[in-house]
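[1] sharing a sequence plus its predicted fold:
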Amino acid sequence: MTLASTRGSVLANTAIVLRGVRDRTRSGAARIVRAWRQSLQLRVGATTVVVTGVVVFIIGLFLVDKVAGGVLNAKRDAAINQAKIGLEFARPLLSSVDPGVVADVDDARSQISANLTAGGSSAGVFNIDIESPSSAAPDIPQSLRKVVQGGNLAIQYGPVKARAGRPELVRGLIVGEPVPARTGNFEFYYLFPLTAEEQTISLIQRTVLLAGLALVVLVLAIALLVTRQVVRPVRVAAETAGLLAAGDLSKRIAVTSSDDIGRLGRSFNDMADSLQRQIRRLEDLSRLQRRFTSDVSHELRTPLTTIRMASEFLYGNRSDFPPELSRSAELLHDELDRFESLLGDLLEISRYDAGVANLESETVDLRSVVATTVEGTRLLADRHGSQVVIEQPDGPVMLDIDSRRVERILRNLVGNALDHGEGKPVVITIGYDADAVAVTVRDHGMGLRPGEAGLVFNRFWRGDQSRSRLTGGTGLGLAISLEDARLHDGWLQAWGERGRGAQFRLTLPRRAGHTLMHSPLPLDPDEIDDEDDE
């Protein structure tokens, strides 16, 4: 294996690992976002933690700052007082000492240190350093020495030795002041280690931190408890509402209190009782209406058959009648055809209303169903002088449908397009993808007014009220077509603009039971035009 191939394999594996990490990160983020959106308790808890944490953090900083400042200020005041006491004791001893005599200076330093440290001090532990102006004094900051050499009291924080003779340095407070001598001034320094104060401040910080965390946890627990008391009844109400929406009208909320939540539950139950009564009343009315429609439709079949026989006899012998009787026989024959069509549509609607309509699905080529539809409407197209154009794929378009019902949908769509197309071409387009198949029927006639696209599927609705009911259809064709499409888990939609024509789109899943998410063809034909222009 070459170096290049090895490097390529490593890069490929790295890319796979990175993609896996990215996918897991996205999945985790999606789960967090979903949980955040769906859980009120989570949002309340998180908000409580953030707000309480910020408040506790600010208050903790304030408290620690104040306490630390108080501790250090107290140490500073005690150190200044101790320096004044030491100055009173050291001044008479150093006044007779020559700074140039090292032995005398050492004796005086030892005596002063022994006497001042032996009695203890309210300022705590300290070390004493006496320097002459010519000494190096590496433990004393030069900036502090300059102030003291100028004859002033000076105070500065800096590193000092924890104990005399020990090399380790700690944070400390240095107080310096000048002491007059025989031939000049001595520099008299107090070195106070702040070890005890820092321990005190650290203890306070830890205490405030633990108390803050405990407070945040306590507030979070209280918030979750209170939120649970509110959210739990709301969840029960949501679940009960979902069951009611699903059709289980007997579900109610168990009310165990008389507070606001209890009143909400009682109001919800009262609303559910009212809805149940109204729905049952509507169901009874709908059942009576469906039964009346079905019974009337069936009962009309027998007299209609007798009338049809008489009408056919009269229509067949109309040439032997006077002109006015012959015309009456023709009108009777035509209106009986229309009446039979209306009766058939009413029976079909009653089947849908009763919920007894069933699909007889089979796998067919949609192009053959479209071809059969076009052939069945050829006489109507010739009568209107319209051309029917089919735009379809070259290969088969297979899907699971009830071909009789789909053909009825297409026949209604094509018939309406021819009736309203004003003699202009009617275009039928077939499109498909892996999940869905769509058929659009486009005419270039009068079109639809704004808002009529949502009304065309209503029962007995007519877009052009000026049309005579003698020449119009039953007004149930598109309503039945919509029910046929829904029975296939499909869509039937309309688009139209006044003066530009109308387009109807039927979208069906390729496999029975598949849920549609999109349509292979646009509903608005302008979208196709835009794509063609590009």
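    The structure has been received and is ready for your questions.

[2] can you tell me the helix or strand for residue 350?
    helix 323-354 (DSSP states H and E).

[3] any idea how far that helix is from the chain center?
    Helix 323-354 sits 54 Å away from the centroid of its parent chain (CA atoms, centre = their mean, to the nearest Å).

[4] any idea of the mean pLDDT in it?
    The average pLDDT for helix 323-354 rounds to 77.

[5] list the buried ones in it?
    326, 329, 332-333, 336, 340, 342-343, 345-346, 348-353 (16 or more other CB atoms under 10 Å). (Glycine included, C-beta is placed from N, CA and C.)

[6] give the contact list for residue 496.
    447-448, 452-453, 502-503 (CB atoms under 8 Å, 6 or more residues apart in numbering).

[7] try 6 Å this time
    By CB atoms under 6 Å, 6 or more residues apart in numbering, residue 496 lies in contact with 447-448, 453, 502.

[8] between those, which has the most around it?
    Among these, residue 502 has the most neighbours (other CB atoms under 10 Å), with 27 neighbours.

[9] just confirm that residue is within a helix.
    No - assessed with DSSP: H, G, I helix; E, B strand; the rest coil, residue 502 is strand; it does not lie in a helix.

[10] thinking it is in contact with residue 448, fair?
    Yes - using CB atoms under 6 Å, residue 502 is in contact with residue 448, at 5.3 Å.

[11] how far away from the center of its chain is the strand of greatest length in the chain?
    Longest strand in the chain by number of residues (criterion: DSSP state E): strand 169-180. Computed by CA atoms, centre = their mean, the chain-centroid distance of strand 169-180 equals 64 Å.

[12] contacts for it next, please.
    With contacts defined as CB under 6 Å, 6+ apart, strand 169-180 is touched by 79, 83, 87, 90-91, 94, 144, 148, 151, 153-160, 162, 185-186, 188-195.

[13] ok, stretch 35-47 next?
    Around stretch 35-47, the neighbours that count as contacts under CB under 6 Å, 6+ apart are 220, 223-224, 227, 231.

[14] can you flag which of those belong to helices?
    Counting by DSSP state H, these place 220, 223-224, 227, 231 in helices.

[15] I'd like those as TSV, with neighbour count appended.
    Below are the ones in helices among the contacts of stretch 35-47 laid out as TSV (neighbours: other CB atoms under 10 Å):
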residue	neighbour count
220	17
223	19
224	16
227	18
231	16
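
[16] farthest-apart pair in these, please.
    Maximum pairwise distance in those, criterion CB to CB, is 14.9 Å, between 220 and 231.

[17] now stretch 475-486: buried residues?
    Within stretch 475-486, the residues that qualify as buried are 476-485, counting by 16+ other CB under 10 Å.

[18] ok, stretch 193-202 next?
    For stretch 193-202, using 16+ other CB under 10 Å, the buried residues are 193-194, 197-198, 201.

[19] give me the contact list for it.
    Residues from elsewhere that reach stretch 193-202, judged by CB under 6 Å, 6+ apart: 68, 71, 75, 160, 162, 170-172.

[20] tell me the one of these nearest residue 318?
    For the contacts of stretch 193-202, the closest approach to residue 318 (CB to CB) belongs to residue 68, at 116.4 Å.

[21] can you tell me the SS state at the closest residue to that closest one other than its chain neighbours?
    Nearest non-adjacent residue to residue 68, counting by CB to CB, 6 or more residues apart in numbering: residue 201, 4.7 Å away. Secondary structure assignment for residue 201 (three-state DSSP): helix.

[22] what's the answer for residue 112, then?
    helix.

[23] number of nearby residues for it?
    Residue 112: 19 surrounding residues under other CB under 10 Å.

[24] would you map the helices across the stretch 351-500 of the chain?
    Using DSSP state H, counting those that start in this stretch, the helices of the stretch 351-500 of the chain run over 366-376, 378-384, 403-420, 477-487.

[25] any chance of those helices in CSV, plus mean pLDDT?
    Shown next, in CSV, are the helices of the stretch 351-500 of the chain (pLDDT from 0 to 100):
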stretch, mean pLDDT
helix 366-376, 92
helix 378-384, 89
helix 403-420, 90
helix 477-487, 87
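
[26] which one of the ones you listed lies closest to residue 238?
    Closest among those, using CB to CB: helix 477-487, at 27.8 Å.

[27] list the helices and strands the longest helix anywhere in the chain packs on?
    Using DSSP H to define each element, the chain has its longest helix at helix 260-316. Helices and strands touching helix 260-316, as assessed by 3 or more CB pairs under 6 Å, 6 or more residues apart in numbering; DSSP states H and E, comprise helix 195-245, helix 323-354.

[28] poorly predicted segments of the stretch 1-150 of the chain, please.
    For the stretch 1-150 of the chain, applying pLDDT under 70 flags the ranges 1-12, 38, 96-105, 114, 116-124, 133-136.

[29] correct me if wrong: residue 497 contacts residue 447.
    Yes - with contact defined as CB under 6 Å, residue 497 counts as touching residue 447 (5.1 Å).

[30] which of the contacts of stretch 193-202 are buried? Put it as a PyMOL command.
    To isolate the buried ones among these in PyMOL, judged by 16+ other CB under 10 Å, type:
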select buried, resi 68+71+75+160+172
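
[31] hmm, which two among the contacts of stretch 193-202 are most spread apart?
    So, the contacts of stretch 193-202 by CB to CB: farthest apart are 68 and 162, at 20.2 Å.

[32] count of neighbours near residue 206?
    The number of residues packed near residue 206 is 10, by other CB under 10 Å.

[33] dump the residue contacts of it.
    Residue 206 touches nothing, counting by CB under 6 Å, 6+ apart.

[34] can you start the count at 51 instead of 1 from here on
    New numbering, starting at 51: the last item is residue 256.

[35] one step back: any chance of the ones in helices among the contacts of stretch 85-97 in JSON lines, plus pLDDT?
    As requested, these are arranged in JSON lines below (pLDDT from 0 to 100):
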{"residue": "270", "pLDDT": "83"}
{"residue": "273", "pLDDT": "81"}
{"residue": "274", "pLDDT": "79"}
{"residue": "277", "pLDDT": "78"}
{"residue": "281", "pLDDT": "75"}
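
[36] would you convert the residues you listed into a markdown table that also reports distance to residue 352?
    Shown next, in a markdown table, are the ones in helices among the contacts of stretch 85-97 (distance: CB to CB, whole Å):
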| residue | distance to residue 352 |
| --- | --- |
| 270 | 77 |
| 273 | 74 |
| 274 | 72 |
| 277 | 68 |
| 281 | 63 |
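
[37] so who does residue 127 touch?
    No contacts exist for residue 127 under CB under 6 Å, 6+ apart.

[38] now it: which helix or strand?
    Secondary structure (DSSP H and E) places residue 127 in helix 90-144.

[39] and that helix with strand 219-230, angle?
    With axes from the mean of the first three to the mean of the last three CA atoms, to 10 degrees defining the directions, helix 90-144 sits at 30 degrees from strand 219-230.

[40] from the chain's centre, how far out does helix 90-144 sit?
    Relative to its chain's centre, helix 90-144 lies at 46 Å (CA atoms, centre = their mean).

[41] mind putting the helices of the stretch 401-550 of the chain in CSV, distance to residue 440 included?
    Below are these laid out as CSV (distance: least, CB to CB, whole Å):
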stretch, distance to residue 440
helix 416-426, 6
helix 428-434, 12
helix 453-470, 10
helix 527-537, 19
